[in-house]
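J.: coords please:
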Amino acid sequence: MNTKGRSENEFRKSRLGALLGAALVAAVDISSAAVAQQLTTLYSFTGGDGANPAAGLMADPAGNLYGTTLNGGASAEGTVFQLDPSGNLTVLYSFTGGDGSHPRADLIADAAGSLYGTTINGGAQDAGTVFQLTPSRTLNVLHSFTGASDGALPFAGLIADAAGNLYGTTEGGDGPGTVFQLTPSGDLNVLQSFTGGDSPWAGLIADAVGNLYGTTEGGDGPGTVFQLTPSGTLNVLYRFTGRDGAVPHGGLILDAAANLYGTTHNGGTSGYGTVFQLTPSGALNVLHGFTGGSDGAYPEAGLIADAAGNLYGTTWGGGAGGEGTVFQLDPSGNLTVLYSFAGGDGSRPGAGLLADAAGNLYGTTSSGGAIASCPGGCGTVFELTMPASFIAGQARRNMATKTLRQGVPQIGRQ
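T.: Residues are numbered from 1 along each chain as shown. You can find the predicted model right below:
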C-alpha cells in the first residue's frame with residue numbers, strides 16, 4: 001500500500017498511487033477568534049445541474065474544483081461536476097441509474113486525469129457501483145455490487161495503492177458491510193465481512209506497512225475504530241461508549257506518532273458529537289464535545305490538519321445560524337467557529353474541507369443557497385477566505401490538497 005509520509009506534526013492520508021491527502025502543511029499558529037472570515041458562494045446548484053452535494057472537493061493546478069452531487073442532473077440520479085475559477089460549472093456526467101445513482105463520496109484521480117468514485121445505489125442490482133470517469137467523459141462501471149457477499153451501498157470514497165488496486169467499504173450486503181479491494185482487472189476481493197451489526201459508513205486510510213484503518217457505526221455499541229492488517233486480521237482498536245462519542249461517519253487521519261483523529265456524529269457529554277484522538281496504546285481522548293449551540297452540532301465528515309496541529313472540519317448543524325459551521329480546533333482544545341451558515345449562504349455542510357496554498361478553505365453544503373428549486377435549497381460550493389492577520393503570512397502557509405494533474409500530483413489550488 002502506497003502512502004505519502006510527511007514530517008513531524010503532519011498528517012498522512014492514502015490516495016491513488018502518490019495521491020496527496022487533505023492535510024495542511026504549514027507551521028503557522030492560528031489563535032485569534034475575533035477576526036472575520038469572508039465566505040463566498042462560488043456556486044448555487046439549481047437541480048438540473050445537480051443537487052445536494054454530500055461530498056468534499058478536489059482540485060487541479062489550474063484551480064478547477066471537482067465533486068459530486070447526491071441528486072439532480074439530467075436524470076435526477078446525481079452528477080460529477082467541475083467548477084472553474086470563474087465560477088462556471090460543467091456537468092461532466094449525469095448518472096442514469098443503470099450506471100449508478102446517488103454518489104455521496106469524494107473523488108480521487110490518477111495521473112492520466114481519470115476520476116474514480118462510488119455511487120450508493122444504481123448499477124445492475126441497484127446496490128451501488130465503483131466507477132471510473134475518463135477525461136473524455138466516458139463512464140466505466142468497474143464493479144456493480146450485487147447486494148450479496150460482495151456488499152452493497154458504498155457510502156464512502158476510495159483509496160488506492162501504487163499497483164492501481166482500489167480499496168473501499170460498503171454499508172450493507174449479506175451482512176452489515178464489508179471492506180473490499182478492486183483490482184485493475186476488475187476482480188473484487190472482500191477483505192473483511194463485518195458481523196454483529198458493525199457497519200462501516202466512512203472510507204479508509206492506510207499506513208506505510210499496509211494496515212487499513214476505518215470506523216463502524218452500530219453493532220455491539222455506538223461504533224468502533226478498527227484496523228485491518230495485510231494478512232486480513234481485524235483488530236478493534238476502540239469501542240465507543242456514547243459518552244465519549246457515537247456513530248462515527250467521517251474518515252480518519254493519522255499523524256507521524258500513529259495517533260488517529262476523527263469525529264463522531266453523535267454522543268459526547270451533550271450528545272451532539274465529538275472530535276477525538278485515539279493513541280497507539282488505545283486511549284481515546286475527546287478533544288471537543290459539541291454542545292449543539294454556537295459551537296455546532298453533529299459533525300458528519302472527517303478532519304484536515306496543519307503542521308501546528310490545528311484541526312479543521314465542519315458540523316452539519318448548530319452554529320449561530322443553526323445551519324452548520326466550519327471550525328478550527330487548536331492543540332490546546334480551544335474551538336474557534338470560523339463560519340456559521342444561515343441558509344441563504346448554504347446549509348448543512350456534511351463534507352470535509354479542502355485548502356489552497358494561501359490558507360483558504362473550500363467545501364460544499366448539502367442544501368441552502370440562492371436557488372429555491374429544491375426544498376430547502378439545492379446546495380452550494382463555497383470558499384472561506386482567511387484574512388492575512390488570521391493566517392499569519394500567506395506565503396508560509398502551504399496547504400497540501402487532493403489534486404488532479406496529468407503526471408505527478410501537485411500541491412494546492414494554485
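J.: just give the nearest non-adjacent residue to residue 296, would you?
T.: residue 315 (3.1 Å; Cβ to Cβ, 6 or more residues apart in numbering). All C-beta atoms are positioned from the backbone trio N, CA, C, and that covers glycine.
J.: and that neighbour, what's its pLDDT?
T.: Residue 315 carries a pLDDT value of 98.
J.: cool, and the one 5 residues further on?
T.: In this model, residue 320 is scored at 95, pLDDT.
J.: contacting residues around the closest residue to it other than its chain neighbours?
T.: Leaving out its chain neighbours, the residue that sits closest to residue 320 by Cβ to Cβ, 6+ apart is residue 340, at 4.1 Å. Taking Cβ atoms under 8 Å, 6 or more residues apart in numbering as the criterion, residue 340 is in contact with 294, 319, 320, 321, 323, 324, 325.
J.: what subset of those residues is buried?
T.: 319, 321, 323, 324, 325 (16 or more other Cβ atoms under 10 Å).
J.: pretty sure residue 72 sits against residue 53.
T.: No - using Cβ atoms under 8 Å, residue 72 is not in contact with residue 53; the gap is 9.2 Å.
J.: these two: who's more crowded?
T.: Shown here are residue 72 and residue 53; by other Cβ atoms under 10 Å, residue 53 has more neighbours (32 against 26).
J.: if you drop the residues flanking it in sequence, what lies closest to that one?
T.: That would be residue 364: by Cβ to Cβ, 6+ apart, it lies 4.0 Å from residue 53.
J.: just the ones of the buried ones among the contacts of residue 340 in strands?
T.: Judged by DSSP state E, strands contain the following of those: residue 325.
J.: show me where the stretch 101-250 of the chain has its strands.
T.: Ranges of strands in the stretch 101-250 of the chain, per DSSP state E, counting those that start in this stretch, are 108-109, 115-119, 129-133, 139-144, 159-160, 166-170, 178-182, 188-193, 205-206, 212-216, 224-228, 234-239.
J.: let me have those in TSV, adding mean pLDDT, mean neighbour count and distance to residue 331 as columns.
T.: Below are these laid out as TSV (pLDDT from 0 to 100; neighbours: other Cβ atoms under 10 Å; distance: least, Cβ to Cβ, whole Å):
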stretch	mean pLDDT	mean neighbour count	distance to residue 331
strand 108-109	95	24	29
strand 115-119	98	27	33
strand 129-133	98	22	37
strand 139-144	98	18	41
strand 159-160	94	25	27
strand 166-170	97	27	30
strand 178-182	97	22	32
strand 188-193	96	17	33
strand 205-206	94	24	21
strand 212-216	96	26	22
strand 224-228	96	20	21
strand 234-239	96	16	21
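J.: in which helix or strand does the most centrally placed residue in the chain reside?
T.: Closest to where the C-alpha atoms of the chain average out (Cα atoms, centre = their mean) is residue 352, at 4.7 Å. Using DSSP states H and E, residue 352 maps to neither a helix nor a strand.
J.: show me what contacts it?
T.: By Cβ under 8 Å, 6+ apart, residue 352 lies in contact with 22, 56, 106, 250, 251, 301, 302, 303, 304, 313, 314, 363.
J.: for the spatially closest residue to residue 164 that is not a sequence neighbour, grab the count of nearby residues.
T.: Among residues not flanking residue 164 along the chain, residue 184 sits closest, at 4.3 Å (Cβ to Cβ, 6+ apart). Other residues within reach of residue 184, judged by other Cβ under 10 Å, total 11.
J.: again, but for residue 270
T.: What residue 270 shows, counting by other Cβ under 10 Å, is a neighbour count of 14.
J.: hang on, isn't the residue nearest to residue 296 packed against residue 329?
T.: No - counting by Cβ under 8 Å, residue 315 does not reach residue 329; the two are 11.4 Å apart.
J.: out of the two, which sits in the more crowded spot?
T.: The neighbour comparison of residue 315 against residue 329 (other Cβ under 10 Å) goes to residue 315, with 31 against 20.
J.: quick one: residues contacting that one.
T.: 273, 290, 295, 296, 297, 298, 299, 300, 324, 325, 327, 349.
J.: which pair in those spans the largest distance?
T.: Pairwise distances across these peak at 15.3 Å for 295 and 300 (criterion: Cβ to Cβ).
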